[in-house]
Structure formats: C-alpha cells, structure tokens
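K.L.:
give me coordinates for this.
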Amino acid sequence: MFRISDNSLKVVETDRNLTNMRRNALAYVQNGDEQALKRVRDMSKTVHDDLASIESATKNDERLAMVKKIIVLSDQFTSNFELIVKSRGERDHAVNE
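P.N.:
Residues are numbered from 1 along each chain as shown. Next up is the predicted model:
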C-alpha cells in the first residue's frame, strides 16, 4: 500500500516538474533567458531520476509500459530542447558577426 502511495506521489511530482520544464523551455525560446535554460536542464535531471525510480517501483505491466513511454517522450523533449539551444546559439553567433 505504501509503495503505491509513494509511487502515486512521485508521479504527481514528476508531472508538475515536466510542466515546469515546458514553461521554462518556452521562456528560453522566447527571450533567451539563461536562468530558464538552467532550470530546464536541472529539472530534466530530476525528471530523469524520478522516472527511473517510478519505473523500478512499478510492477503492473500496463503501468510499466506507460512509464516507459513517458521516459522515451521525456528524453525526446530534452534532446529536442538541446537542439533548440544549439540552434539559438548558432543564430546568435551569425547575427552578431
């Protein structure tokens, strides 16, 4: 029972963290806010660790499949965000030359 409650709480926290990542990613994309960039990267590590913890604690096959899908999507978001950061840097460099 406690494992289920702990896992449920961790899922809610992770959902909130993913929402914060998206909001900070938008702030970075819109205005290059370096603090938002740092928050996205920090939160990405937290989300990755939390999802790994949820995955290891999940015993139900259907729920485990959903967690694995969320992990893939979260990793894709992080990879795509880093491409945006790279592209923004290249654009800024080109504009400033």
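K.L.:
any stretches of the protein with poor pLDDT?
P.N.:
1-4 (pLDDT under 70).
K.L.:
where do the helices of it begin and end?
P.N.:
2-31, 34-57, 61-96 (DSSP state H).
K.L.:
now do the contacts for Tyr28.
P.N.:
Residues in contact with Tyr28 (CB atoms under 8 Å, 6 or more residues apart in numbering) are Glu34, Ala36, Leu37, Val40, Ile84, Val85, Arg88. In short, each C-beta sits where N, CA and C put it, glycine included.
K.L.:
typed the wrong thing, it's Ala36
P.N.:
Contact analysis of Ala36 by CB under 8 Å, 6+ apart lists Asn24, Ala25, Ala27, Tyr28.
K.L.:
got the contact list for Lys10?
P.N.:
Lys10 is in contact with Asp50, Ser53, Ile54, Ala57, counting by CB under 8 Å, 6+ apart.
K.L.:
quick one: it from Leu83, how far?
P.N.:
As judged by CB to CB, to the nearest Å, Lys10 and Leu83 stand 29 Å apart.
K.L.:
and Tyr28, by the same measure?
P.N.:
For Tyr28, the distance to Leu83 - CB to CB - is 13 Å.
K.L.:
also Ala27?
P.N.:
17 Å.
K.L.:
who's more crowded, those two?
P.N.:
The residue with more neighbours, out of Ala27 and Leu83, is Ala27; 16 against 10, by other CB atoms under 10 Å.
K.L.:
spatially nearest residue to that one, not counting backbone neighbours?
P.N.:
Distances taken as CB to CB, 6 or more residues apart in numbering place Ala36 nearest to Ala27, at 3.9 Å, with adjacent residues excluded.
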